[in-house]
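Asker: Next input, structure requested:
(one chain, ligands or ions: 1)
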Amino acid sequence: MATPSEPDAEQSLPRQPAGASTLAVHAGEARQKPGDAITDPIFCAATYTFRDTQSVIDFIEQKQPREEYGRYGNPGEKVVERKLAAMEGGESAVLFASGMAALVGLLMAKLSAGDEIVFFDECYHRSREFCAKHLSRFGVVTRQVAACDYDAMRRAITPNTRLLVSESPTNPHLSIVDLEAFVAIGRETGAETLIDATMATPYNLRPLEAGVDYVLHSATKYLGGHNDLLAGVVIGREEALEPVRKLRGIMGSINSPHNIYLLQRGLKTFELRMQRHNENGLAVARFLAEHPRVEKVYYPALETHPYYDVARRTMRGFGGVVTFQIRDADWRETADIVDRVTIPRIGPSMGGVESLIEQPLVMSYYECTPEERQQFGIPDNMIRLSCGIENAEDLIADLAQAMAG
Ligand SMILES: *Cc1c(COP(=O)(O)O)cnc(C)c1O
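Answerer: Next up is the predicted model:
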């Protein structure tokens, strides 16, 4: 019987190139599964047993691909890793317990004392914190430069620079990295490149095709898509990811079998959800751009966006996140609008079917000084709305009443 742990001819890998939904539904899965079920089983196994001593020896001598112990992997994880690699167009994927676990796992596996990394500064605040407070304790130097300032990135590179890191789009400003320019700097200087494409997803952006070495996603967001799980993934060349996979087996930053099943299930509707997120984001951004109470909208499809051209050239759609500022409003008047909406829930995160709204000042930057908030580009009157898959007209009517109040 073919089990999902055997990446063999029994896999229902669709003809390449296949569409995003065909891959999301079928890639990585065995055609015939245990129990003849259409779905993959959830293997609740902490350990895997061997028929006899010779089987153990065969496994150790790598003659036999199979599971050994839960921390090193489980059959469901391999299915989802193959699916995510296929969706991203990469050779291999390593799944982690969260997006942060993926980032920490990759950086810890790739960097040693004396190494340096250069980061574009518009980034997830915990990524910044990990580099500044923790990687530094192990002698790794992080240099932050302004997002999308390629000259500044070049100037920050030294002979010790191993890795260039950015998100694209960035959060919450939705700046878009010109991947060609970014990859070119890496190639000129011999540094590897990492794009955290959580906000874009493989539907909207193809970093590996642009030559980026590693793509990282918080699968907690659009990939899982239902605000019901945390997971993270790094995708790239098999050989380059081998040390990352090995370190994960030591750190134990793995997902439970149940969590992996939820992710696999969430992925089935990935393209449908992304199409709706893209439509909703665009419709809401256009509505806000015309609204008299709105001072500024950050959405890459708007011609007023500073990275409109790069976005149009390199992305298929722009996702569900729309950031905006309320004209002449202090933090309290801005909070009042957040409090008056009835469909989006107030909370951090994004990329799920439910819309979420937050005021970055309060949600992520409350403990920063006003100077730090200015440095990070977080004004008091900024709101970040992550459109879910509700109907755009309802989201727009809700925003209209919240701003009329
Ligand atoms: C949420 C997020 C992360 C962290 O992912 P978790 O799954 O919450 O650990 C990293 N990068 C970006 C861009 C994110 O939005």
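Asker: Surely Ile343 is in contact with Glu390?
Answerer: Yes. Contact criterion C-beta atoms under 8 Å: Ile343 and Glu390 qualify, at 6.0 Å. For the C-beta atoms, the positions are set from N, CA and C on the backbone; glycine is no exception.
Asker: Find residues that contact each of those two.
Answerer: Residues touching both Ile343 and Glu390 by C-beta atoms under 8 Å, 6 or more residues apart in numbering: Ser355.
Asker: What is the burial count for Pro220?
Answerer: No Pro there; residue 220 is Thr. If you count neighbours by other C-beta atoms under 10 Å, Thr220 ends up with 23.
Asker: what about the residue nearest to it when sequence neighbours are not counted, which SS state?
Answerer: Nearest non-adjacent residue to Thr220, counting by C-beta to C-beta, 6 or more residues apart in numbering: Leu230, 4.6 Å away. Under the three-state scheme (DSSP: H, G, I helix; E, B strand; the rest coil), Leu230 adopts coil.
Asker: so who does Leu230 touch?
Answerer: Ala97, Ser98, Gly99, Ser218, Ala219, Thr220, Gly224, Asn259.
Asker: which of the residues you listed has the most neighbours?
Answerer: Of the contacts of Leu230, with other C-beta under 10 Å as the count, Ala219 tops at 29 neighbours.
Asker: surely that residue meets Ile260?
Answerer: No. Ala219 lies out of contact with Ile260 (C-beta under 8 Å); the separation is 10.2 Å.
Asker: so what's in contact with the two at the same time?
Answerer: Leu95, Ala231.
Asker: For the residue of the stretch 151-300 of the chain found nearest the ligand, which non-adjacent residue is closest in space?
Answerer: In the stretch 151-300 of the chain, the residue that lies nearest the ligand is Ser218 (3.0 Å; C-beta to the nearest ligand atom). In space, and not counting its chain neighbours, Ser218 is closest to Gly99: 2.6 Å by C-beta to C-beta, 6+ apart.
Asker: From the ligand, how far off is the one you found?
Answerer: Counting by C-beta to the nearest ligand atom, to the nearest Å, the gap from Gly99 to the ligand is 2 Å.
Asker: So which residues on the chain come close to the ligand?
Answerer: Applying C-beta under 6 Å from any ligand atom, we find that the chain lies next to the ligand at 98-100, 124, 167, 171, 196, 198-199, 218, 220-221, 230, 232.
Asker: Would you reformat the residues you listed as JSON lines and include secondary structure and pLDDT?
Answerer: Listed next are the residues of the chain next to the ligand as JSON lines, based on DSSP: H, G, I helix; E, B strand; the rest coil; pLDDT from 0 to 100:
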{"residue": "Ser98", "secondary structure": "coil", "pLDDT": "98"}
{"residue": "Gly99", "secondary structure": "helix", "pLDDT": "98"}
{"residue": "Met100", "secondary structure": "helix", "pLDDT": "98"}
{"residue": "Tyr124", "secondary structure": "coil", "pLDDT": "90"}
{"residue": "Glu167", "secondary structure": "strand", "pLDDT": "97"}
{"residue": "Asn171", "secondary structure": "coil", "pLDDT": "92"}
{"residue": "Asp196", "secondary structure": "strand", "pLDDT": "98"}
{"residue": "Thr198", "secondary structure": "coil", "pLDDT": "98"}
{"residue": "Met199", "secondary structure": "coil", "pLDDT": "98"}
{"residue": "Ser218", "secondary structure": "strand", "pLDDT": "98"}
{"residue": "Thr220", "secondary structure": "coil", "pLDDT": "98"}
{"residue": "Lys221", "secondary structure": "coil", "pLDDT": "98"}
{"residue": "Leu230", "secondary structure": "coil", "pLDDT": "98"}
{"residue": "Gly232", "secondary structure": "strand", "pLDDT": "98"}
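Asker: So of the residues you listed, which two are at opposite extremes in space?
Answerer: Within the residues of the chain next to the ligand, Glu167 and Leu230 form the most distant pair, 17.9 Å apart (C-beta to C-beta).
Asker: which stretches of the stretch 251-400 of the chain have low pLDDT?
Answerer: Within the stretch 251-400 of the chain, no range satisfies pLDDT under 70.
Asker: Show me the helices in it, by range?
Answerer: In the stretch 251-400 of the chain, the segments counted as helices under DSSP state H, counting those that start in this stretch are 257-267, 270-290, 308-314, 331-340, 360-363, 370-376, 392-404.
Asker: for those, which one sits closest to Val212?
Answerer: Smallest distance to Val212 across the helices of the stretch 251-400 of the chain (C-beta to C-beta): 11.7 Å, for helix 308-314.
Asker: Buried residues in the closest one, which are they?
Answerer: With burial defined by 16 or more other C-beta atoms under 10 Å, the residues of helix 308-314 counted as buried are Val310, Ala311, Thr314.
Asker: Do I have it right that the first one meets Ser175?
Answerer: Put plainly, it is Val310. No. Counting by C-beta under 8 Å, Val310 stays clear of Ser175, with 9.2 Å between them.
Asker: Contact partners for Gly351?
Answerer: So Gly351 contacts Thr198, Thr201, Thr220, Lys221, Tyr222, Leu223, Gly224, Gly225, His277, Gly319, Gly320, Ser386 (C-beta under 8 Å, 6+ apart).
Asker: List the contacts of the fourth one.
Answerer: Spelled out, that is Lys221. Going by C-beta under 8 Å, 6+ apart, Lys221 touches Gly99, Thr198, Met199, Ser349, Met350, Gly351, Gly352.
Asker: And the second one, by the same measure?
Answerer: By C-beta under 8 Å, 6+ apart, Thr201 lies in contact with His217, Tyr222, Leu223, Phe270, Met274, Gly319, Gly351.
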